[in-house]
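1. from the sequence below, what's the structure:
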Amino acid sequence: MEANILGHDERGVGVEVFDTNGDRHTFELDWDGNIEKHGQDVYPREASERTDEQERIMQQVRIRAEYAAHAHFEDEDIIESPAWLPGEIERAMEVMRTLPTETFAEHFREYYDAVRDHTGERIDDGVQSVDRIRKHIYISDDNEFVDSSKTSIQYTDTGGETRATVKSADDPPAADRFVVTLPALTFERDDFEFPESFQALVVSNLMCQIRDIYLNMGEEPPTEYQVEGIGKTATLHDGLVSRPDG
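-> Numbering: from 1, shown residues only. Purely as a prediction, here's the structure:
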């Protein structure tokens, strides 16, 4: 996809995006990153009237417009959460790669146990399936590891409702939040030995998230991120019609 900044004023930013079919979309975003207008004359106006493929394209171009606005006005610190910016996740990935083993073990032992053993007392309600196991990590502007959140297990209960064992967390001040997100895994005896090998898996998850961000915008990831592995929960590239939370 191609994206261009059309202009900006005190109210916001104008962006044009050409989708994978070459059709033009125009956007107006405010300085908080909210899309105020999305103009196009190709696809049905109502989402209920669009095919899944049309809806996927409509979602992709919106995300591409948000990313283009952030990249152009990066110093303004607008538009996107760091967890959806490839350059920002690269920061987090490097911090986690070089984090002392002792510090990693202190913060991620509970997470490792939850990924490996995600049933029993960790979840009180009836469980139909465990979907994802998440942990927030907090990185300062000068690329220092600040803290991490409690582990949260996202699951579907027997009634079909999506639930989480930790619903919210207080973010520390002056730090950017990123998320490590893995499914429940069955480890063989020598797989992902804790902490060293599991630390490498966490770094790999962040790398694969960068891959999925590009796919989510309908773009081919840079060569170094064309990798196999577990990344974001799901992507629009898979045919979904909404961006996942992590």
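2. going forward, measure contacts and count neighbours with C-alpha atoms only.
-> OK.
3. now the strands for the chain?
-> Using DSSP state E, the strands of the chain run over 2-8, 12-18, 24-30, 35-39, 127-139, 145-148, 152-157, 162-164, 176-182.
4. and the residue nearest to residue 27 when sequence neighbours are not counted, what does it touch?
-> Closest residue to residue 27 apart from its sequence neighbours, by Cα to Cα, 6 or more residues apart in numbering: residue 38 at 4.6 Å. Taking Cα atoms under 8 Å, 6 or more residues apart in numbering, we find residue 38 in contact with 25, 26, 27, 28, 62.
5. save those as TSV, and put in pLDDT too.
-> Output for the contacts of residue 38, formatted as TSV (pLDDT from 0 to 100):
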residue	pLDDT
25	96
26	97
27	96
28	94
62	88
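6. quick one: buried ones out of these?
-> 25, 26, 27, 28, 62 (16 or more other Cα atoms under 10 Å).
7. which one of the residues you listed is nearest residue 45?
-> residue 25 (12.5 Å; Cα to Cα).
8. need the contact list for the closest one.
-> Counted by Cα under 8 Å, 6+ apart, residue 25 has contacts 16, 17, 18, 19, 38, 39, 40, 61.
9. rerun that using 7 Å as the cut-off
-> 16, 17, 18, 38, 39, 40 (Cα atoms under 7 Å, 6 or more residues apart in numbering).
10. repeat that for residue 4.
-> Neighbours of residue 4 in contact, by Cα under 7 Å, 6+ apart: 15, 16, 17.
11. hang on, the second one packs against residue 5?
-> Meaning residue 16. Yes. Applying Cα atoms under 7 Å, one finds residue 16 in contact with residue 5, separated by 6.5 Å.
12. neighbour count winner among the two?
-> Looking at residue 16 and residue 5 with other Cα atoms under 10 Å, you find the greater number of neighbours at residue 16, namely 23 against 17.
13. now the more buried one: how far from residue 26?
-> 4 Å (Cα to Cα, to the nearest Å).
14. same question, residue 106
-> From residue 106 to residue 26 the distance is 48 Å (Cα to Cα).
15. could you pull out the helices for the protein?
-> 52-72, 86-98, 101-116, 196-216 (DSSP state H).
16. and the ones you listed: which comes nearest residue 132?
-> Short answer: helix 101-116, nearest of the helices of the chain by Cα to Cα, at 8.7 Å.
17. which strands border the lowest-mean-pLDDT helix or strand in the chain, and is each parallel or antiparallel?
-> For the chain, the helix or strand with the lowest mean confidence is strand 162-164, at a mean of 83 (criterion: mean pLDDT, DSSP states H and E). Each strand paired with strand 162-164, and its direction, by DSSP bridges: strand 152-157 (antiparallel).
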